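Peer 1: I'd like to go over a predicted model; first the sequence, then the structure.
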Amino acid sequence: MVSVIEVGAIDNDQMLLEGMSAWISRLSDIELSTLAASVEEYLAVPAPPRIVILDLNLENFTDPAANVRQLVDAGHAVIVVSVIPDPVYIAGTTEAGAVAYVPKANNLSVLADVIRSVAAGETPMTIEQAFWLGRDARPERPQLSAREREVLIAYGSGRTVEAVGRGLGIAPGTVRTYLDRIKEKYARAGRPIEHRVQFLERVREDGFGRERLPPP
């Protein structure tokens, strides 16, 4: 009797999820039993599958590495998939604990083989993942808190201090304190922020918030 591997998937592209579900339904040893549009939605499902396929670029502006870390902390084995290879995020999600990265351009049979390897306790590495990890040229990044990242992303997108404060529910003076801390940490990392446009540069260089920032 064939042992069935139960997996879940997190992707905001409903058409892709349905297509993946239809394709996997033809396999005798893999079952896609849980679909969700966000990590929170997936973790809210009672006893979701341990193995989960996670889209690298969800449309809710969440950080890819943070998504992986949240799932890994909950006991899941995460397979990251993406349309566009981004070396910053491939490296970041791998460091966060993702067990594999599979480009969506690959045939679904490649994904199936990766799922089987993960179910067997392996950490498979696709050719594409090895290629991009070998070209990880990220600059040294300071250790920012979650709130500091939020302030950096919001202020870097061009918002005023007051608008950042309203959006995050904190006082303008608190926003300025966070900005001072951010500048201090980047200075210690050898990458000082000397004018406003460099806040956005640091967001993009370090892969915070992805290239597309939240709307004001």
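Peer 2: Received the coordinates, thanks. Numbers count the residues shown, from 1 in each chain.
Peer 1: Show me what counts as buried in the longest helix seen in the chain.
Peer 2: Counting residues, the longest helix found in the chain (DSSP state H) is helix 172-188. Neighbour counts over helix 172-188 (16 or more other CB atoms under 10 Å) mark 174-175, 178-179, 181-183, 185-186 as buried. All C-beta spots, glycine's among them, are computed from the backbone N, C-alpha and C.
Peer 1: same question, stretch 33-44
Peer 2: Using 16+ other CB under 10 Å as the test for burial, stretch 33-44 gives 34-39, 42-43.
Peer 1: Restricted to helices, list the residues you listed.
Peer 2: In this view, those that belong to helices under DSSP H are 39, 42-43.
Peer 1: Where do the strands of this protein begin and end?
Peer 2: In the chain, the segments counted as strands under DSSP state E are 5-10, 30-36, 51-55, 77-82, 100-103.
Peer 1: Please enumerate residues in contact with the first one?
Peer 2: With CB atoms under 8 Å, 6 or more residues apart in numbering as the contact definition, strand 5-10 has outside contacts at 17, 20-21, 24, 29-39, 41-42, 45, 48-55, 58, 67, 115-116, 119.
Peer 1: Check the last one too.
Peer 2: Contact partners of strand 100-103, identified using CB under 8 Å, 6+ apart, comprise 79-83, 85, 90, 93-94, 110-111, 114, 117-118, 123-126, 128-129, 132.
Peer 1: Over to the longest one?
Peer 2: The set of residues that contact strand 30-36 without belonging to it, under CB under 8 Å, 6+ apart, is 4-11, 17, 20-21, 24-25, 42, 45, 48-49, 52, 112, 115-116.
Peer 1: Same check on the fourth one?
Peer 2: Strand 77-82 is touched from outside by 11, 50-57, 64, 68, 71-72, 89-90, 93, 97-104, 111, 114-115, 118, with contacts defined as CB under 8 Å, 6+ apart.
Peer 1: angle of that strand against strand 5-10?
Peer 2: Per axes from the mean of the first three to the mean of the last three CA atoms, to 10 degrees, the angle that strand 77-82 makes with strand 5-10 is 50 degrees.
Peer 1: Paired strands for strand 77-82, with orientation please.
Peer 2: Strand 77-82 has the following strand partners under DSSP bridges: strand 51-55 (parallel), strand 100-103 (parallel).
Peer 1: buried ones in the last one?
Peer 2: Which is strand 100-103. Under 16+ other CB under 10 Å, the buried positions of strand 100-103 are 100-103.
Peer 1: quick one: which of those is nearest to residue 162?
Peer 2: Nearest to residue 162 out of those is residue 101 (CB to CB; 40.2 Å).
Peer 1: circling back: would you mind saying which of the strands of the chain lies nearest residue 160?
Peer 2: Using CB to CB, the strands of the chain put strand 51-55 closest to residue 160, at 32.6 Å.
Peer 1: I appreciate the help and will end here.
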